[in-house]
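Undergrad: I'd like to go over a predicted model; first the sequence, then the structure.
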Amino acid sequence: MKFEKYFFNCSEQYLDSIDSTLFAEIVEIISKLPKRTIQAEINRDLFWIFAEKKWFFDSTPPNLSSSPPEELELGLLDLNKVKKSNERELCITSTTLGTRWHADFAKMYHGKLIQIEAQFGKVESMFKDFCGFRIARYERRLTLGIEIVMFAPARYFSHHKDAISGMAYFDIAKKTLPAIGLDCPILLIGIKD
């Protein structure tokens, strides 16, 4: 897949300061995504690609098979082994507020926490993601939040127009970030075909 990016309160150099491989890894993950016809398939593919790169996760997508689809060309991955090695606690949004929010994916780089939200739902859910990044940053835990949305859902899912009404998308996220006064670093990724 191709993508657009927007650095909010950060830059590619900031990502390099976390780890010199971080940005390249995110680019590789997004680039491995094949064109899919429904959001659930994209969620499934992201799960497997992130798992292969040793990212931890909050939960597995529904009806997930025990190994990744062959077309992802990920090699031997076993769902049971992936689950056993998962450190879900890294996905927790807050450790002090008693919320039960979790990011979709998380990984530590040299003691610095990165959390990722893949948002193919409503715009309102995207705001919750941003709030989660802000809370984790306030608690001095989060170094970077990454939000993955569709670049243009109406074009990408043109065959399912009824399923994308109100879906979060790149331009609304890009316009919203400066308007809501967040001070945490966020990399916004808009995936497109």
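TA: Right, received. Where do you want to start? Here the structure is a predicted model, which means the values were calculated and not measured.
Undergrad: skip ahead from the helix or strand I42 falls within and say which helix or strand is next.
TA: Using DSSP states H and E, I42 sits in helix 39-52. Using DSSP H and E, the helix or strand that directly follows helix 39-52 along the chain is strand 56-57.
Undergrad: now the next helix or strand after that next one - C-alpha only, CSV.
TA: Going down the chain from strand 56-57, the next helix or strand is helix 79-84, by DSSP H and E. Taking C-alpha atoms only, helix 79-84 is exported to CSV below (Å, rounded to 0.1, in the frame of the first residue of the first chain):
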residue,chain,number,x,y,z
LEU,A,79,-1.1,-17.5,16.7
ASN,A,80,-0.6,-19.4,20.0
LYS,A,81,3.1,-18.5,20.1
VAL,A,82,2.3,-14.8,19.3
LYS,A,83,-0.3,-14.7,22.1
LYS,A,84,2.0,-16.3,24.6
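Undergrad: what are the contacting residues of the helix or strand following helix 79-84?
TA: Where DSSP H and E defines the elements, the next helix or strand beyond helix 79-84 is strand 105-109. Strand 105-109 has contacts (CB atoms under 8 Å, 6 or more residues apart in numbering) with 18-19, 22, 50, 53-58, 87, 90-91, 113-116, 118, 143. C-beta: built from backbone N, CA, C; applies to glycine.
Undergrad: now strand 105-109: mean pLDDT?
TA: The pLDDT scores in strand 105-109 average 98.
Undergrad: do stretch 40-55 as well
TA: In the prediction, stretch 40-55 has an average pLDDT of 94.
Undergrad: what of stretch 183-191?
TA: 96.
Undergrad: quick one: contacts for Q115?
TA: Contacts of Q115 (CB under 8 Å, 6+ apart): 90-91, 93, 103, 105-106, 132-133, 136, 142, 144-146.
Undergrad: tilt between the biggest helix by length in the chain and strand 105-109?
TA: Taking DSSP state H as the criterion, the chain has its longest helix at helix 123-138. Angle of helix 123-138 versus strand 105-109, following axes from the mean of the first three to the mean of the last three CA atoms, to 10 degrees, is 30 degrees.
Undergrad: and helix 123-138, what does it pack against?
TA: strand 112-118, strand 142-150, helix 170-179 (3 or more CB pairs under 8 Å, 6 or more residues apart in numbering; DSSP states H and E).
Undergrad: can you redo the ones you listed as CSV with mean pLDDT and distance to T99?
TA: Formatted as CSV, the helices and strands packed on helix 123-138 follow (pLDDT from 0 to 100; distance: least, CB to CB, whole Å):
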stretch, mean pLDDT, distance to T99
strand 112-118, 97, 14
strand 142-150, 96, 14
helix 170-179, 94, 21
